[in-house]
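Q: One predicted model, sequence on top.
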Amino acid sequence: MSLVLRGGRIIDSGGERILDVEIGEDGLIAAVGTGLSGDVNLDASGCVISPGFVDLHAHLREPGLEEAETIETGARGGSLGGYTALVAMPNTDPTTDCVAVVEQVRSLGRRSTCEIIPTAAMTLRRDGVDMAPMGELVDAGVGIFTDDGTGLQDPRLMRRIMEYSTGLGRRLGRPVVLAQHCEVAALSAGGYMHEGEWSSRLGIPGQPAEAEELMVMRDIALVRMTGAHLHFQHLSTASSVAMVRGAKAAGLPVTAEATTHHFILTDAACASYDPVFKVHPPLRTDVDVLAIREGLADGTIDAIATDHAPHAPHTKEMPFDQAPAGMLGLETAFSLALGDSGLDLPEVLALLSWRPAAIAGVADRHGVPVVPGAPANLCVVDPDETWTVSGAAMASLSSNTPYEGRSLRGRVRHTIRAGEPVVVDGEARR
Amino acid sequence: MSAVIDRRADNDRGRHLLGIGGMDRSDLEEILDLTDTFAEVGRRPIPKVPALRGRTVATVFFEGSTRTRMSFEVAARRLSADTVAFNARTSSLSKGESIRDTVEVIAAYGADLLVVRHAMAGTAHRVAGWTDLSVVNAGDGCHEHPTQALLDCYTLRERRGSLDGMRIAIIGDVRHSRVARSNVLAFTALGAEVVLVAPATLLPPAIEGWPVTVAHELDPILGDLDAVYLLRIQGERITEGLIPSLREYASDFCLTAGRVARMRSDALVLHPGPTNRGVEISAEAATDRRSVILDQVVNGVSVRMAVLFLLLGSGRQLGAVDAGDSVEGDR
């Protein structure tokens, strides 16, 4: 049964053109042209056909925290958000720090509507003490290692992990990526929001921007020393962006992501005392928001990530210090990136699709130009449709979106994963 | 019905006193003026009026407190309200029940107003969003303690007639102090000049926008002050590396007999209590004739009566209380 996307404007890394896209039963793009017709035709008129999005940073909570999210529900939300691949963070329970858990995540992922790309922790139990069996994990196909949720504090161990990773690239077939959540715990400890004018007024203990920046600085130095590929997760401060810009100018193998919330929301949102705005790294200042947008615009930041972090509702109905950090992101990222980043649509698509696909090591099948023979991982977005955010209406098992009730422009209409229409007219098909 | 506290409400459902933030001079003065009426009640042989008969005030304290709770309970009972008390350590809540569940259970017991204290900033605001009941913030972490600020303003006004032009130093751990945050707002709204006096580590990280001046030494300004407001210093500030020792702190900032003697003869000494004798204030200074620390305790009850009445009483009752005799006549 063939499927044709009709009347859309294709935008991919090769440029723009208005053509129909025919997808074969083998899950590959069969033809791109005019006047195509298939067994099933999906209207894409007025819409943009893009390679599917790749999220470098999703917390899918399985195994272990299925009350908040499962791989199935997280992937469904991803599909609704236009994603065809999600990089799953390893702070599961048990921690994804061995081949068995990686295989479990991958196996659950195969039944879901996105490609699930497991990452593994750099250290056992993410304890920052004992190196995970990185060689075994690389042989199992893991290409990204991270202790996300915390930064790896010990500079000596970070150096060793960087050095060790450089010896594993041949086995993987590409450089191993180490993804760092930059936060010097000794400086951030006891802080629940950005330290500054707002935290001072609100009486919420803060964590200073320097807690992130010191680790960015350290890791840039260690990259210079070791040559490892370091990916900076969720950059949130102006100085962090500047340091990464400098490292790239110096030719160091670093990449970076920013989340939608860090280029939209500021610490002023915490004045509501609603922990839906509690996130790590914390929401920063207007100056930082602008710096993130500049970093996205000039290529310092390679990708827009979600840091999709579902939390069961009762866990957020707590005082600010006790509530867990994190917010939903998969179903709102495209609209927010289009509406609030200051970037035009082709740049937004690059930051959501082909650039993160390259970092995730899946550029052979995601973010691929829309040409015959390419895997049909696509999304069709309507840049003009407006919709209203509702946490309860989301596919996620949780509802902790900071954009509740906000009207957004730009919506995902269809998502095609390996040739299967998993979202049609904004509705998940399974 | 008074609009004063309505304007502080975070939602349309209940009427709350969550903080001094957002109140203007006339809002504060309305409460202080009403407090005069209830102070008079407190001086009667039988200090009780039936204004809130049949209403229930629940003190919901997630953080230990003896004085503030007692003050609210005495205030409620002088207004003939019933009181119920909920005690919980935050740690027991973290074992399962969310704080929202806890609040809904307390509301189901039939309380009309919740007096909430919690170790984390903003918790009273959150509670106010979850219930139809009125909420009074009795201290939320390092954020606000509005009834403390009101009783402090009342005490200063009682002694001086007005705060206009007063120069008041707030001395000590401003960084962790809800009392300081509320008082900076209240004192300046009422026309006083505020100077924060503390080591740099005990000031909030970013106070450029605050309507205050800052001094890191007490002695050079001591003789120019109309009032000193001393904050509690806790021993844990040393383990946190904020000050080297209580001895060094006391040497620089403790209001000793020698320092109090250098203050103006009409200056006032305030402290929210309980005092750490020998750390932020010496025994001699606490009992000096300039000290109004016990007045603060007495006035705390009157101010809280005014707040409870404003939140739970009707407009008609408010008028009656202003008249004073009518309240008496109800008995």
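A: Perfect, thanks for sending it.
Q: Please enumerate the helices of the chain.
A: All of this refers to chain A. Taking DSSP state H as the test, the helices found in chain A are A:71-80, A:99-110, A:134-139, A:155-166, A:169-172, A:185-188, A:197-202, A:209-226, A:238-249, A:286-297, A:313-316, A:333-340, A:345-352, A:354-360.
Q: wait, chain B
A: All helices of chain B, identified by DSSP H, fall at B:25-42, B:67-78, B:90-93, B:99-108, B:123-130, B:146-160, B:178-189, B:236-239, B:246-253, B:257-262, B:283-286, B:293-312, B:315-323, B:325-329.
Q: Put together TSV for the ones you listed, with distance to A:Y83 and mean neighbour count on each row.
A: Every residue, glycine included, has its C-beta placed from N, CA and C. Putting the helices of chain B into TSV (distance: least, Cβ to Cβ, whole Å; neighbours: other Cβ atoms under 10 Å in any protein chain shown) gives the following:
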stretch	distance to A:Y83	mean neighbour count
helix B:25-42	50	19
helix B:67-78	51	21
helix B:90-93	37	14
helix B:99-108	32	17
helix B:123-130	33	26
helix B:146-160	47	24
helix B:178-189	44	25
helix B:236-239	46	13
helix B:246-253	55	17
helix B:257-262	66	14
helix B:283-286	65	18
helix B:293-312	49	24
helix B:315-323	57	15
helix B:325-329	66	13
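Q: mean pLDDT for those helices: which is lowest?
A: Here the lowest mean pLDDT among these goes to helix B:315-323, at a mean of 29.
Q: Show me which residues of the stretch 101-250 of chain A are close to chain B?
A: Neighbours of chain B within the stretch 101-250 of chain A, by Cβ under 8 Å from any Cβ of the partner chain: A:195-197, A:199-206, A:208.
Q: picking up where we left off before, mean pLDDT lowest for which of the helices of chain A?
A: Per-stretch averages of pLDDT across the helices of chain A put helix A:313-316 at the bottom, with a mean of 90.
Q: Please save the CA atoms from it in CSV.
A: Output of helix A:313-316 as CSV, limited to C-alpha atoms (Å, rounded to 0.1, in the frame of the first residue of the first chain):
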residue,chain,number,x,y,z
PRO,A,313,1.1,15.4,38.9
HIS,A,314,1.2,14.8,42.6
THR,A,315,4.9,15.2,42.6
LYS,A,316,4.6,18.8,41.4
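Q: buried ones in that helix?
A: Neighbour counts using 16 or more other Cβ atoms under 10 Å in any protein chain shown place A:313, A:315-316 of helix A:313-316 among the buried residues.
Q: from what I can see A:P383 touches A:V48, true?
A: Yes. Because the distance of 6.2 Å satisfies Cβ atoms under 8 Å, A:P383 is recorded as touching A:V48.
Q: which residues are in contact with both of those two?
A: Jointly contacting A:P383 and A:V48 under the rule Cβ atoms under 8 Å, 6 or more residues apart in numbering or on different chains are A:L345.
Q: Let me see the contact set for the residue in the stretch 201-350 of chain A that chain B sits nearest to.
A: Here the stretch 201-350 of chain A gets closest to chain B at one residue, A:Y273, 2.7 Å apart by Cβ to the nearest Cβ. By Cβ under 8 Å, 6+ apart, the residues touching A:Y273 are A:202, A:204, A:320, B:121-123, B:125-126.
Q: Quick check: phi and psi on whichever residue of the stretch 201-331 of chain B sits closest to chain A?
A: Per Cβ to the nearest Cβ, B:P204 is where the stretch 201-331 of chain B lies closest to chain A, at 3.6 Å. As for B:P204, its main-chain torsions (degrees, to the nearest 10) stand at phi -60, psi 150.
Q: so what's it up against?
A: A:199-201, B:174-175.
Q: mind running it again at 6 Å?
A: A:200, B:175 (Cβ atoms under 6 Å, 6 or more residues apart in numbering or on different chains).
Q: Outline the domain layout of chain A.
A: Domains of chain A are assigned by automatic domain parsing as A:3-48+A:373-428, A:52-360.
Q: Okay, the residue of the stretch 201-331 of chain B closest to chain A and A:S199: tell me how far apart.
A: According to Cβ to Cβ, to the nearest Å, B:P204 stands 8 Å off from A:S199.
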